[in-house]
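Chemist: this one's structure only:
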């Protein structure tokens, strides 16, 4: 809320515009779940990074909300139980919306005679289509909310100052203003890759896994299949993370630009053009993350 979060390796910087106009900068260690070396390996690190990003994001949101209403930012830091419940609720809502609901929709298509059973490709085509429409529609709908629009403006400011930093431009509102508000390493692209990869993997892996075991009772069978999909989210997120890392690292390559294109398209919805005051907040977060003096 009225702020930007930036990470540089093991440092996290949160810059928030206070109601009085000043920028408050908080620099703290990045909370990590991947302390063990094996959890940092390619094709493994994606899921732990997803979880730790959620934890750090919730903490940053809690901090910014207190600053925005001029509460004592040192008081009432979210505790481990509250964090666990918030994280579980967030993940649960996302899985309900983007895993369970599309599956139920596909069952409806089967009941109407427009799809085969869960072993058929047509079932997973409907599942993937509805999932993607639901995701894009959800983002488009919330973008009309005034508070969310301001969040998306700060999102655009974040991308502009990152581009300015990466290109060696002047780190000022004027220096960052001309850069694109779209960036190939954005979390929006990560979510889109998770959805796209899950659609492909579900279409082939779920029917294959059903050749080994299929519950006989109808409702147990559907619950079992949804459980398979939930479990597959771990390798899906790991693979999606590697794809977005590759696309962001070689963003000038034609193939990587094609990979990044859907994510950049989604950022047309999740970012808006920021004003100079929002760019100042993003610059403060950037300087805090890279151990420079915070902006005034």
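Modeler: Arrived safely. Predicted model only: the values in this text are computed from it and were never measured.
Chemist: Helices of the stretch 151-296 of the chain, start to end?
Modeler: Per DSSP state H, counting those that start in this stretch, the stretch 151-296 of the chain carries helices over the ranges 173-177, 187-209, 218-249, 254-270, 276-289.
Chemist: Can you give me the buried ones in the fourth one?
Modeler: By neighbour count with 16 or more other CB atoms under 10 Å, helix 254-270 contains the buried residues 256, 259-260, 262-264, 266-267, 270. In short, each C-beta sits where N, CA and C put it, glycine included.
Chemist: Output those residues as CSV; include the columns distance to residue 139 and pLDDT.
Modeler: CSV is the format used below for the buried residues of helix 254-270 (distance: CB to CB, whole Å; pLDDT from 0 to 100):
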residue, distance to residue 139, pLDDT
256, 23, 72
259, 20, 73
260, 17, 75
262, 13, 81
263, 12, 80
264, 14, 83
266, 7, 87
267, 10, 90
270, 6, 92
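Chemist: any idea of the pLDDT on residue 73?
Modeler: With respect to pLDDT, residue 73 scores 53.
Chemist: ok, now the one 4 residues further on?
Modeler: pLDDT for residue 77: 63.
Chemist: do the same with residue 70
Modeler: 67.
Chemist: same deal with residue 177?
Modeler: At residue 177, pLDDT is 94.
Chemist: same deal with the one 5 residues further on?
Modeler: At residue 182, the pLDDT value in this model is 91.
Chemist: Next, count neighbours for it.
Modeler: 21 (other CB atoms under 10 Å).
Chemist: switch to numbering from 628
Modeler: Let's use 628 as the start, then, which means that last one is residue 809.
Chemist: pLDDT below threshold where in this structure?
Modeler: 696-705, 878, 919-923 (pLDDT under 70).
Chemist: now the most far-flung residue of it relative to its centre: how far from residue 737?
Modeler: The outermost residue of the chain relative to its centre, with distances by CA atoms, centre = their mean, is residue 843 at 37.2 Å. Residue 843 is 18 Å from residue 737, where distance means CB to CB, to the nearest Å.
Chemist: ditto for residue 816
Modeler: Distance, residue 816 to residue 737, using CB to CB: 32 Å.
Chemist: Equivalent analysis for residue 902, please.
Modeler: Residue 902 is 50 Å from residue 737, by CB to CB.
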